[in-house]
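Novice: Give me coordinates for this.
(chains A and B)
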Amino acid sequence: MLRSDDIALMKTAEQTLDEILSLAAAHFRVPREKLNPDEDFFKTLAIDSLQTLDLLTKLENHFRVELPDYELQGVSDFRTLAGKIQARL
Amino acid sequence: MLISNHKSTISDSLMLDLQKYSCLGAALRDALERFAGETCLIEADRDREKVRLTYSDFKEISMPLARALEDAEFDAGDRAAILMSNQSKWLTSAYAVFYCGGVLVPLDFKLTAAEQLQLLEHSKAKVLVVEYYLWRAITEAPEFHNIKTKLVLVTEAPIGAELAGGFRWENFKRKGAPDFVMRQREDVACIVYSSGTGGRPKGCVLTHENYLEQCRALTAWYPFWPGVRYLSILPTNHAIDFMVGFIGPFVCGACVVHLRTLRPEFVRDAFVRYRITYVSLVPMIVKNLERGLRAKFDELPGWKRTILNRMIGINKMLTRRRARPKLSRALLPQVHRAFGGELLALITGGAFMEPSTMQFFYELGVPVVNGYGLTEAGTALTLNDLKPFRSDTVGRPLPGIELRVLSPNEEGIGEIAARSKTVMSHYLDDPELTLETIVDGWLLTGDLGRFDGGGHLQLFGRKKNMIVTEGGKNIYPEDIETVFDGLPVKEFCVFAANFVWPQKELGREMLVMVLRLEQGQRFGSSLLQEIVARNRRLPDFKRLGGYLIWEKDFPRTASMKIKRQMLAEEMGKTVARGAVVGL
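Specialist: Numbers count the residues shown, from 1 in each chain, chains lettered A, B, ... in the order given. Sure thing, here's the model as predicted:
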């Protein structure tokens, strides 16, 4: 049985996605509105997979979860990434 | 040893004399005895050390597995595929396979499950050793029902996990000493796929002699010795890491450090934590390290930056003729502390490396040893010897390797051909391709280059239709075309841009799709969206960079295959590279 405090602490998928977009914008120093949840971030941000892993470490620290590198294999948009993190919250 | 003669003496006295061995299994078996008390493997996940093994521990783990394989009727010449990220079980499993006289098939864990199944079938592997998360993906692939591999050993499966007929690697062991199966130098040691998931797998069949001679050539210039710690980041299925992250260190009693993440912060941390001596990296990672260092330098207050620049200038002047690691460490202690203080060289190869990046590190006293090779030739054909450091070449041919430039043009540039005991035997089940690739004992590399006056090889592009990514992946256009099958156009094909519009340099590589529309068809947004959507199904490093509309039917052979060479030549003559529309 979840207590009301737990529910208040739980993030919705949309909240998680929103926070990821804000953190990514700050990390890569781009305006938040430039980031679209469904666009290919490799292309939008002109980054490589290592730079994505760098961001992932920041996200892990923020959400207090741990994702192995392989979870990120094939992920190229923020919505899918948010889903992976949400699943571990 | 080129960096330190003192270490050379130590190494020569301890390293196995590989001329005396007929197979990798025998050499490794002796190494486990000779260096029994030395640490051979460290496995870390992020900042947590998970495994630390001596050579003796390594033997203790691999022998029960070899015995179980023997009991499972895994015989000499049988093939065992390994599908794992870099970790200790990769190496213990490989040794068990060699101990039984088996043939190793290292598969790329970054391929899709369907591609892995395709190569598994092509290799006719009797055994598969696979990490649980990869096995789960394979069992979910539609092609899984066709799998013919009889014995599957799954590592690190959670308790109670469904293994779809596989066995837990951790429980697959038997008591009792297995019989060692000796192989001869000409016997097959490994089948390594250099590409070909799109329909024509290129399985390079490499013999024990290929590996033993490659190891001798590399260690003649860059030996290992007990106490050396090699950071293994490139995938072990890759020819470079298999040699310098397994065979090379083991026959010299050195230690391999596996890091189960590529997160830049943990890679940086591993250099310091394990006082790394050597590491092989792809350009993408070297550039990442460069970016990190430059950002730190930029944060320095002006006066500190001035001192740093002055020290870099002094180091540059004093290391012009040769690398002097101790001197560089004394001049630039903070930079070297960030690399653990004992790093002797960053080794790169397999993909184009910016000379400016190599120069940046060398001026800091961290030599970047650039080399050139291909899976078909074992590991490396050339390597820089740091006498002196050169950022504009891929070095000189290693001992025992002959290179020729075929049909050189007026600038001396032509296709590079190689002849040595390290060149593969043949392509698996593809005599036609073998005949085209190995001619009169010379391996035609498909790469263009020339030798300078100092005997250094310089590369100038490719003759073959392929790209090499910054992450060191060889991508053949034909391999990705299947993702676009059924695209609503008359016909299409994919080219490496530099194949169509040859450059006199490497780099700026991208894949371009050439589209021939149906009569009256317009290139509209729905077609573009379809291409973009399918492109995103590919891993990021395999994606198309752009497209081009072609106004004529593609030239085809009598059997309706596209004449790619002819089409590329015509495109190159009639359309500028600038006409490619970015995706």
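Novice: what residue is smack in the middle of chain B?
Specialist: For chain B, residue B:238 is the residue whose C-alpha lies nearest the centre (C-alpha atoms, centre = their mean; 3.5 Å).
Novice: how about the nearest residue to it, chain neighbours excluded?
Specialist: Nearest residue to residue B:238, sequence neighbours excluded (C-beta to C-beta, 6 or more residues apart in numbering or on different chains): residue B:472, at 7.1 Å. To be clear about C-beta, it is placed using only N, CA and C from the backbone, and glycine gets the same treatment.
Novice: That neighbour in helix, strand or coil?
Specialist: Recorded secondary structure, residue B:472: coil (DSSP: H, G, I helix; E, B strand; the rest coil).
Novice: close enough to count as contact, it and residue B:285?
Specialist: No - using C-beta atoms under 8 Å, residue B:472 makes no contact with residue B:285, being 9.3 Å away.
Novice: Check residue 2 and give its pLDDT.
Specialist: Reading this off chain A. At residue A:2, the model reports a pLDDT of 47.
Novice: my bad, chain B
Specialist: 42.
Novice: just residue B:352 next, same as before
Specialist: On the pLDDT scale, residue B:352 gets 77.
Novice: do residue A:7 as well
Specialist: 49.
Novice: Also residue B:198?
Specialist: pLDDT, residue B:198: 60.
Novice: just residue B:488 next, same as before
Specialist: 92.
Novice: tell me which element the nearest residue to it once chain neighbours are set aside falls in.
Specialist: Excluding its sequence neighbours, the residue lying closest to residue B:488 (C-beta to C-beta, 6+ apart) is residue B:527, at 6.6 Å. With elements taken from DSSP states H and E, the one containing residue B:527 is helix B:525-535.
Novice: Not counting its own residues, what contacts that helix?
Specialist: B:483, B:484, B:487, B:488, B:489, B:513, B:543, B:544, B:547, B:583 (C-beta atoms under 8 Å, 6 or more residues apart in numbering or on different chains).
Novice: Around chain B, which positions in chain A sit nearby?
Specialist: A:40, A:42, A:48-51, A:53-54, A:56-57, A:68-70, A:73-74, A:76 (C-beta under 8 Å from any C-beta of the partner chain).
Novice: Among the residues you listed, the buried ones, what's the ChimeraX command?
Specialist: To isolate the buried members of the residues of chain A next to chain B in ChimeraX, using 16 or more other C-beta atoms under 10 Å in any protein chain shown:
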select /A:40,42,48,49,50,51,53,54,56,57,69,70,76
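Novice: Restricted to helices, list the residues of chain A next to chain B.
Specialist: Cross-referencing these against helices under DSSP state H gives A:42, A:49, A:50, A:51, A:53, A:54, A:56, A:57.
Novice: The closest residue to the fifth one other than its chain neighbours: what's it in contact with?
Specialist: Spatial nearest neighbour of residue A:53, chain neighbours left out: residue B:263 (4.9 Å); criterion: C-beta to C-beta, 6+ apart. By C-beta under 8 Å, 6+ apart, residue B:263 lies in contact with A:53, A:54, A:56, A:57, A:69, B:46.
Novice: Without its sequence neighbours, what residue ends up closest to residue 63?
Specialist: No chain specified, so I'll use chain A. residue A:85 (5.6 Å).
Novice: my bad, the chain I had in mind was chain B
Specialist: Here the residue nearest residue B:63, using C-beta to C-beta, 6+ apart, is residue B:178, at 6.3 Å.
Novice: cool, residue B:97 as well?
Specialist: Spatial nearest neighbour of residue B:97, excluding adjacent residues (C-beta to C-beta, 6+ apart): residue B:80 at 4.5 Å.
Novice: Over to that neighbour. Which of the three states is it?
Specialist: Going by three-state DSSP: residue B:80 is strand.
Novice: Now do it against residue B:122, distance only.
Specialist: Look at residue B:80 and residue B:122: by C-beta to C-beta, to the nearest Å, they are 15 Å apart.
Novice: So between these two, which is more surrounded?
Specialist: Between residue B:80 and residue B:122, counted using other C-beta atoms under 10 Å in any protein chain shown, the more crowded position is residue B:80 (26 against 20).
Novice: who's in contact with that one?
Specialist: Residue B:80 touches B:69, B:74, B:93, B:97, B:102-105, B:125-129, counting by C-beta under 8 Å, 6+ apart.
Novice: re the thing from before, from the contacts of helix B:525-535, list just the buried residues.
Specialist: B:483, B:484, B:487, B:489, B:513, B:543, B:544, B:547, B:583.
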